[in-house]
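J.: test case, fold it:
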Amino acid sequence: MNLSTTKYNHFTPMPPLSWHVEELRTAFTAYLEKAALGNLGAADWSLFSLAVTATQARLAGDFEELLVLEHIQGFTPLPHQIQTARHVMQELHGRAILADEVGLGKTIEAGLIMKEYLLRGLARKILVLTPASLVLQWTRELNEKFRIPAYAQKNEWSWTQADVVVGSLDTAKREPHKSTVSSVQWDLLVVDEAHKLKNSKTKNWQMVNQIPNKFMLLLTATPIQNDLKELHTLITLLKPGHLGNSQEFASHHVKSARLPRDPVQLKSQLSNVMIRNRRMDGATTLPKRHVAAVPLYLSREERMLYDAVQQFLKREYNERLENKGSVLPLITLQREICSSPYAAMVTMDRMMKRAQSETMKVHIAHLMELAQQITTYTKVEKVLEMLDDMDDKCIVFTEYRATQDFLLYMLRKRGISAVPFRGGFKRGKKDWMKDLFAQKMKVLVATESGGEGINLQFCHQMINFDLPWNPMRLEQRIGRIHRLGQEKEVYIHNLATKDTIEAHIVELLQEKIRMFEMVIGELDYIVGDPTLASKLEDNILEWAMTSNSDEELREKLHRYGDALLQQIEENT
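T.: Predicted structure coming up:
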């Protein structure tokens, strides 16, 4: 029997309160008798303290007064976090989607709920599934902040060695782990980054669906990314049938992929399974965020390479459209040339090996020759200059591994301590790099994998060496440092080379998106809109390749920005 399909709307009735008072009186009398005889030991006090805690838990008839608030350390939960925990346990019966905006503390809310259930004896076996890079972070927070003896899964036997286990979903869905996890009767199942469960045909969803559980928490800032069906898929894990089967949901609630038939009715039903706190609603006030463009001018050699690459891209773009070829390599090269010639050369070398015509090989060889003549990279020199002037730690984001390697080489050559962070690292190495950055190093050079999940509130400086073309991904980066726990004002420096497509994108992101910083969480709805974002990279390349002037390209990007703002206004 799959317990995840069972409704747990009522708890076991408690015995009369007088029973529990008598238990406490008996325990206290025994303690006093030992004290009088001088036979007290540390164990006696510990046992008496446990008896007090257990009796307090039994005496609590509802969740209005949270016991957990007396059992946390090192932090004070914010009002919206306490209210969320109370609401989940009182009204949603322990099965909920926690969908707060990025940085508002979904992990804290989950920890409060976990600890409350543990204190009251309503949960003993708890499983937390999270991306591999976050396993140690979750384990530490549960132990240090909530005094929950959480254990980080390491092997097949780890799943059953402790009552509270934190492991990665990717590991749990593989045998022999899958069978072991599914055989345990879990009281509470917590899934972080739950938007990865949006498709019921994936192994992720199927794994979570077969794990026995009484209570379930799904954590995600983006409960919907592409269409309303994803929302139905998530809710089916929590409350099968709450929104009907897929056909009934489509018939009753879906007008189009992104448009509900009756928004008021759907919102009402969602309130029974989902809680979303937003900054604009006063959930919290973070320190001020300062975002500034850092304008740069390419050197003569860099400008020659950039212009030559643009000519090559336009020629190739038109030819591939005619022959229905892939434009993905062109998108990559267009973006890399704005990052660094070093990164662009990696793609050009790959294109050279796959070139089917001598003409194309000649063009690429010419581009590589121009790239090799560049001895100093303007953007790299600017980063080194900025870091020399900073007394604080700084995270530097780049899109490309090649750029990351070159930056690390130049930083070490300059004597600036730095560590890398990227998706290819195993869990242990990611945790090690984060700790090194926190304790010893000045700079963390991260690729996009550092834009999700890790918390870096101890840092308040960020340099975006190159920018994503997706505004939500930029917000995810910033959310690593501009989040709960950040005590200082945050400074975001976006490098932008003048008279390039990069400069226009920086202008678009800052002038259009910055106006909506307080509602930035609404971008998760826009980024999933096929008309605005799912083909954003293709669109930007098309605009760049079909514009006859720099001003025409700028106008096209601003029209996109206006459409983006209109969509935000419609969703707020």
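J.: so which residues of the stretch 451-572 of the chain form helices?
T.: For the stretch 451-572 of the chain, the helices defined by DSSP state H, counting those that start in this stretch cover 471-478, 501-508, 523-527, 536-546, 550-570.
J.: worst mean pLDDT among the ones you listed?
T.: Lowest mean pLDDT within the helices of the stretch 451-572 of the chain: helix 523-527, a mean of 37.
J.: distance of the spatially closest residue to T398 that is not a sequence neighbour relative to T130?
T.: Residue nearest to T398 in three dimensions, not counting chain neighbours: F465, with 4.4 Å by CB to CB, 6 or more residues apart in numbering. For every residue, glycine as well, the C-beta is placed using N, CA and C. Per CB to CB, to the nearest Å, F465 is found 28 Å from T130.
J.: show me what the one helix or strand T160 maps to is packed against.
T.: T160 is located in helix 158-161, with elements delineated by DSSP states H and E. Where contact means 3 or more CB pairs under 8 Å, 6 or more residues apart in numbering; DSSP states H and E, helix 158-161 is packed against strand 150-152, strand 164-168, helix 177-182.
J.: 10 Å instead, please
T.: strand 150-152, strand 164-168, helix 169-172, helix 177-182 (3 or more CB pairs under 10 Å, 6 or more residues apart in numbering; DSSP states H and E).
J.: still on that earlier bit, the residue nearest to T398 contacts T403, correct?
T.: Yes: using CB atoms under 10 Å, F465 is in contact with T403, at 6.7 Å.
J.: about what we covered before: mind listing what's buried along the helix holding T160?
T.: By neighbour count on 16 or more other CB atoms under 10 Å, the buried set for helix 158-161 is S158, W159.
J.: number the residues from 33 up from this point.
T.: Will do, 33 is the new start, and the previous item becomes helix 190-193.
J.: model confidence over it, on average?
T.: Regarding helix 190-193, the rounded mean pLDDT is 92.
J.: contact partners of that helix?
T.: For helix 190-193, contacts defined as CB atoms under 10 Å, 6 or more residues apart in numbering pick out 157, 159, 183-187, 197-199, 203-204, 209, 211-216, 218.
J.: how distant is that helix from the center of its chain?
T.: Here the centre of helix 190-193 is set off from its chain's centre by 27 Å, with CA atoms, centre = their mean, to the nearest Å.
J.: cool, stretch 321-330 as well?
T.: The mean C-alpha position of stretch 321-330 is separated from the chain mean by 25 Å, CA atoms, centre = their mean.
J.: now that stretch: buried residues?
T.: Neighbour count says stretch 321-330 has R321, V323, A325, V326, L328, L330 buried, by 16+ other CB under 10 Å.
J.: mind listing the strands for the stretch 333-482 of the chain?
T.: Taking DSSP state E, counting those that start in this stretch as the criterion, the stretch 333-482 of the chain carries its strands at 426-429, 450-453, 475-478.
J.: would you tell me which of these gets closest to G460?
T.: When these are compared by CB to CB, strand 450-453 sits nearest G460, at 13.1 Å.
J.: quick one: strands adjacent to that closest one?
T.: Applying DSSP bridges, strand 450-453 is found paired with strand 475-478 (parallel).
J.: tell me which residues are up against the strand it pairs with.
T.: Contact partners of strand 475-478, identified using CB under 10 Å, 6+ apart, comprise 415, 419, 422, 425-430, 435-440, 443, 448-455, 465-466, 468-470, 482, 486, 488, 491, 493-495, 497, 509, 512.
J.: where does the stretch 433-582 of the chain dip in pLDDT?
T.: 481-485, 502-504, 540-570 (pLDDT under 70).
J.: of the contacts of strand 475-478, buried ones?
T.: 415, 419, 425-430, 435-440, 443, 448, 450-454, 465-466, 469, 482, 486, 488, 491, 493-495, 497, 509, 512.
J.: buried residues in stretch 111-127?
T.: Quick answer for stretch 111-127 (16+ other CB under 10 Å): H112, Q113, I114, T116, A117, R118, V120, M121, L124, H125, G126, R127.
J.: er, stretch 334-354 I mean
T.: E334, L337, Y338, A340, V341, Q342, F344, L345, E348, Y349.
J.: nearest spatial neighbour of P255, skipping sequence neighbours?
T.: P255's closest residue in space is A131 (CB to CB, 6+ apart), at 4.8 Å.
J.: so that neighbour makes contact with V120?
T.: No: applying CB under 10 Å as the test, A131 and V120 come out as separate, 11.9 Å apart.
J.: give the contact list for the residue nearest to L159 when sequence neighbours are not counted.
T.: With sequence-adjacent residues excluded and distances taken as CB to CB, 6+ apart, L159 is closest to W218, at 4.8 Å. The contact partners of W218, by CB under 10 Å, 6+ apart, come to 35-36, 155-159, 191, 195, 197, 243-248.
J.: most neighbours among the residues you listed, which one?
T.: Each of those was scored for neighbours by other CB atoms under 10 Å, and N245 scores highest at 26 neighbours.
J.: can you read off the pLDDT for A68?
T.: The model's pLDDT for A68 equals 62.
J.: buried sites along stretch 149-165?
T.: Of the residues in stretch 149-165, those buried (16+ other CB under 10 Å) are 149-152, 154-155, 157-165.
J.: now stretch 223-233
T.: In stretch 223-233, counting by 16+ other CB under 10 Å, buried: V223, D224, E225, A226, H227, K228, L229, K230, S232.
J.: what does stretch 472-481 give?
T.: Those would be M473, K474, V475, L476, V477, A478, T479, E480, S481, for stretch 472-481 by 16+ other CB under 10 Å.
J.: identify the farthest-apart pair in those.
T.: Across the buried residues of stretch 472-481 (CB to CB), the longest gap, 21.5 Å, separates K474 and E480.
J.: give the other helices and strands that the longest helix seen in the chain contacts.
T.: The longest helix of the chain (DSSP state H) is helix 332-355. Using 3+ CB pairs under 10 Å, 6+ apart, the elements in contact with helix 332-355 are helix 360-371, helix 373-386, helix 390-404, helix 410-420, strand 522-529, helix 533-540, helix 568-578.
J.: state the mean pLDDT of that helix.
T.: For helix 332-355, mean pLDDT rounds to 85.
J.: returning to what we had before: take the strands of the stretch 333-482 of the chain and lay them out in TSV including distance to M239.
T.: Below are those laid out as TSV (distance: least, CB to CB, whole Å):
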stretch	distance to M239
strand 426-429	32
strand 450-453	27
strand 475-478	29
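J.: which of those strands sits closest to V522?
T.: Closest approach to V522 among the strands of the stretch 333-482 of the chain is made by strand 426-429 (10.9 Å; CB to CB).
J.: parallel or antiparallel, list what pairs with the closest one.
T.: strand 475-478 (parallel), strand 493-496 (parallel).
J.: in stretch 196-205, which residues are buried?
T.: Going by 16+ other CB under 10 Å, stretch 196-205 has these buried residues: V196, V197, V198, G199, S200, L201, T203, A204, K205.
J.: nearest spatial neighbour of the fifth one, skipping sequence neighbours?
T.: What that stands for is S200. S200 sits nearest to A164 (CB to CB, 6+ apart), 4.0 Å away.
J.: need the buried residues of stretch 223-233 in TSV (columns: pLDDT, secondary structure and distance to H103).
T.: Formatted as TSV, those follow (pLDDT from 0 to 100; DSSP: H, G, I helix; E, B strand; the rest coil; distance: CB to CB, whole Å):
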residue	pLDDT	secondary structure	distance to H103
V223	95	strand	24
D224	94	coil	22
E225	88	coil	27
A226	88	helix	26
H227	83	helix	31
K228	83	helix	31
L229	87	helix	31
K230	80	coil	35
S232	84	coil	38
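J.: A128: neighbour count?
T.: 26.
J.: kindly report the same for L298.
T.: Neighbour number of L298 under other CB under 10 Å is 18.
J.: quick one: the residue nearest to L159 and N496, what's the gap?
T.: Taken as CB to CB, the span from W218 to N496 is 41 Å.
J.: go on, D594?
T.: 23 Å.
J.: more crowded one of these two?
T.: Using other CB under 10 Å as the criterion, D594 and N496 rank with N496 on top: 24 against 11.
J.: what sits against that one?
T.: By CB under 10 Å, 6+ apart, the neighbours of N496 are 323, 325-326, 427-431, 506, 509-510, 524-528, 538, 541.
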